[in-house]
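Q: Give me coordinates for this.
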Amino acid sequence: MGNISLAKSMSDDPGEVKSRLEHAEKICLMIKNFMTSLANFSRTGNPTFKTEHMGRLLKNTSHLAFQNRRIEKKLSIADNLEIVEMDPVLIREVIINLLKNSENSMNDGGLIIIKGEKELLGNGSNLPLKKGVYVKITIKDNGPGIPPEKLKNIFKPTFSAKKGFGIPLSYYIIKKHNGHFVIDSQPGEGTTCTIYIPISQNSKPN
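A: The predicted model follows:
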């Protein structure tokens, strides 16, 4: 981060070079915060909760995650997306991990749809969640999909992705947020990841 700051001050190009350095600086800061949060999480097994606006976090995170320009991204965030009690660093890393997994599955390009909405779960819901209002995040790609033999083991601790954060740890983090994480996939038909996190009773973010 120090070298990036120095390079910014020495750069004679106020445009593209500075923009790329600022982007790299944001990524470095995000990684630094993530490592600190993950270290705390590994010691206690609990996230560091803050009241945050999920819509803002989802929008900012989706802009940082992509490197492959052949991947088309469509973002749909509801205007009434709620405030959530969460560890924003860990939730951001979960979302980035899912986006990277989708990106890595489509080397020749493709489409990723990122959707954030509010959903009311009642007594008739088949999800293992208490009734109430949840923020629902959906990440859907049109990649090759996941074979059934891998899909049935995807949340087990022994399962790991080739790169990234890891699906089992992502699942555990969402569970510690009193939420739920579902993956639906068929070979040749893409993959859909859905996350549910309960809204906060607080009206304002920290």
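Q: Got the domain ranges for the protein?
A: Using automatic domain parsing, the domains assigned to the chain come out as 1-45, 49-198.
Q: what would those look like in TSV with mean pLDDT and mean neighbour count?
A: All C-beta atoms are positioned from the backbone trio N, CA, C, and that covers glycine. TSV is the format used below for these (pLDDT from 0 to 100; neighbours: other C-beta atoms under 10 Å):
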stretch	mean pLDDT	mean neighbour count
domain 1-45	74	13
domain 49-198	87	17
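Q: Who does the helix or strand that contains Lys115 pair with, and is each partner parallel or antiparallel?
A: Assigned by DSSP states H and E, Lys115 belongs to strand 110-121. Here strand 110-121 has these sheet partners by DSSP bridges: strand 71-77 (parallel), strand 132-141 (antiparallel).
Q: so the most centrally placed residue in the chain is in which element?
A: Residue closest to the mean C-alpha point of the chain, counted by C-alpha atoms, centre = their mean, is Ile95 at 0.7 Å. Element membership of Ile95 [criterion: DSSP H and E] is helix 88-104.
Q: how far off strand 132-141 does that helix point, in degrees?
A: Put simply, helix 88-104 runs at 30 degrees to strand 132-141, going by axes from the mean of the first three to the mean of the last three C-alpha atoms, to 10 degrees.
Q: helices and strands around helix 88-104, which ones?
A: helix 16-44, helix 54-65, strand 110-121, strand 132-141, helix 167-176, strand 191-198 (3 or more C-beta pairs under 8 Å, 6 or more residues apart in numbering; DSSP states H and E).
Q: Can I get those in a markdown table including distance to Glu72?
A: Listed next are the helices and strands packed on helix 88-104 as a markdown table, based on distance: least, C-beta to C-beta, whole Å:
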| stretch | distance to Glu72 |
| --- | --- |
| helix 16-44 | 20 |
| helix 54-65 | 12 |
| strand 110-121 | 5 |
| strand 132-141 | 10 |
| helix 167-176 | 24 |
| strand 191-198 | 16 |
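Q: Provide a list of residues in contact with the closest residue in space to Ile197 that isn't next to it in sequence.
A: Leaving out its chain neighbours, the residue that sits closest to Ile197 by C-beta to C-beta, 6 or more residues apart in numbering is Gly179, at 4.1 Å. Neighbouring residues of Gly179 by C-beta atoms under 8 Å, 6 or more residues apart in numbering: Leu129, Tyr134, Ile195, Tyr196, Ile197, Pro198.
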